[in-house]
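*Asks:* kindly return the folded structure for what I paste below:
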Amino acid sequence: MVDLVLWDIDHTLMATGGLGRELWAQAFEEVTGVELREQASVTGSTERVILRETARAHGVAYDDDLFQAFAEALSAAHVGRAAELRERGHALPGAAAVLARLAESGVRQSVVTGNVRRAAEVKLAVFGLDGYMSLDHGAYAEDGEGRSALLDLACARSSVPVGRAVFLGDTPADVVGGREAGVRVVAVATGTTSAAALHEAGVPEVLADLSDTGRALRAIGV
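*Replies:* Modelled structure (predicted):
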C-alpha cells in the first residue's frame, strides 16, 4: 500500500538546460564576492553541502549565515529568471502524466530535494507540476544535508510511516538514502547515472524514464 510518493526534482522530473548552474554561479558571486571557478559535485547532494564544499575550494569561510544568504540569493535568481528557465528547460517525458495519474488515484505527492525550497517551487511551477504536490510536506536543502534525514522528515510532515512511502530519484545517493530511511526507492535513469549503476547501488526497480505511464505506476505500486 502506497500512501505517499516523494520525488527528487532535477533529472527526475525536469532538466534546466544548463541554466541551473548559471543561477548557482550568480548567487554564489553575489553573496561571496568571488567569481565561481569550479562547483563542487552536485549529483545527489544538497545545496547546503555543495555550497560548503565550493566555498572551501574558493577559500571562503562557510557558516549558516552564508547559507541563508545564498539560499535567498538563489531563490531570487530563480524567480527573476523563471521565464528563461521555461524557455531553456523542460519537464522530462511522462513526468506530468505520472503525477496526474497519481493525483487522480488519491495518492499524496511531495518532493525530497537538494534544492532550496523557493527554487524548487519555481521549477515545479514553471513546468506546471506544482499543482500535483503538497509542498508543505516536502523536505528541502534548508532542512538538512542527507537524503535519509530529508526522507524521514518528509514522511513525518506527511504523517505517513516510511514503509508506506515511495521515493523516485536518479542518483545512487537517492537509492542509498532511501534504503537508510526505510523508504522504497524506484530509480529513474534520466540523469547522469546509468541503469546498471543504479541497480548496483541497491535498487531493484529502475525505469529508463517516465514515458510509459502504466509501467511507472506499477513500479510505484499504484
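*Asks:* this structure: strands as residue ranges?
*Replies:* 4-7, 14-15, 90-91, 108-111, 165-169, 184-188, 206-207 (DSSP state E).
*Asks:* quick one: contacts for the nearest residue to Glu30 once chain neighbours are set aside?
*Replies:* Closest residue in space to Glu30, ignoring its immediate chain neighbours: Ala73 at 4.7 Å, by CB to CB, 6 or more residues apart in numbering. Glycine gets a C-beta too; all of them are placed from N, C-alpha and C. For Ala73, the contacting residues are 26-27, 30-31, by CB atoms under 8 Å, 6 or more residues apart in numbering.
*Asks:* ok so, going back, can you tell me which of the strands of the chain is nearest to Phe67?
*Replies:* Distance to Phe67, taken as CB to CB, is lowest for strand 108-111 among the strands of the chain, at 19.4 Å.
*Asks:* partner strands of that closest one, parallel or antiparallel?
*Replies:* In the sheet, strand 108-111 lines up against strand 4-7 (parallel) (DSSP bridges).
*Asks:* could I get the CA-only coordinates of the partner strand as CSV?
*Replies:* Below are the C-alpha coordinates for strand 4-7, written out as CSV (Å, rounded to 0.1, in the frame of the first residue of the first chain):
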residue,chain,number,x,y,z
LEU,A,4,2.9,8.9,-0.2
VAL,A,5,5.1,9.4,-3.3
LEU,A,6,8.1,11.6,-2.9
TRP,A,7,10.0,13.0,-5.9
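*Asks:* gap between it and the chain center?
*Replies:* 11 Å (CA atoms, centre = their mean, to the nearest Å).
*Asks:* I would like the residues contacting it, please.
*Replies:* Here strand 4-7 makes contact (CB under 8 Å, 6+ apart) with 13, 102, 107-113, 133, 137-138, 151, 154-155, 158, 160, 164-169, 183, 220.
*Asks:* those, buried ones only, as a PyMOL selection?
*Replies:* Remark: buried members of the contacts of strand 4-7, expressed as a PyMOL selection using 16 or more other CB atoms under 10 Å:
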select buried, resi 13+102+107+108+109+110+111+112+113+133+137+138+151+154+155+158+160+165+166+167+168+169+183+220
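*Asks:* follow-up on the earlier one: and the contacts of Ala73, which is closest to Arg118?
*Replies:* Using CB to CB, Ala27 comes nearest to Arg118 of these, at 11.5 Å.
*Asks:* how about the contacts made by the closest one?
*Replies:* By CB under 8 Å, 6+ apart, the contact set of Ala27 is 70, 73-74, 76-77.
*Asks:* one more pass at 6 Å, please.
*Replies:* By CB atoms under 6 Å, 6 or more residues apart in numbering, Ala27 lies in contact with 70, 73-74, 77.
*Asks:* do the same with Pro161
*Replies:* Applying CB under 6 Å, 6+ apart, we find Pro161 in contact with no residue.
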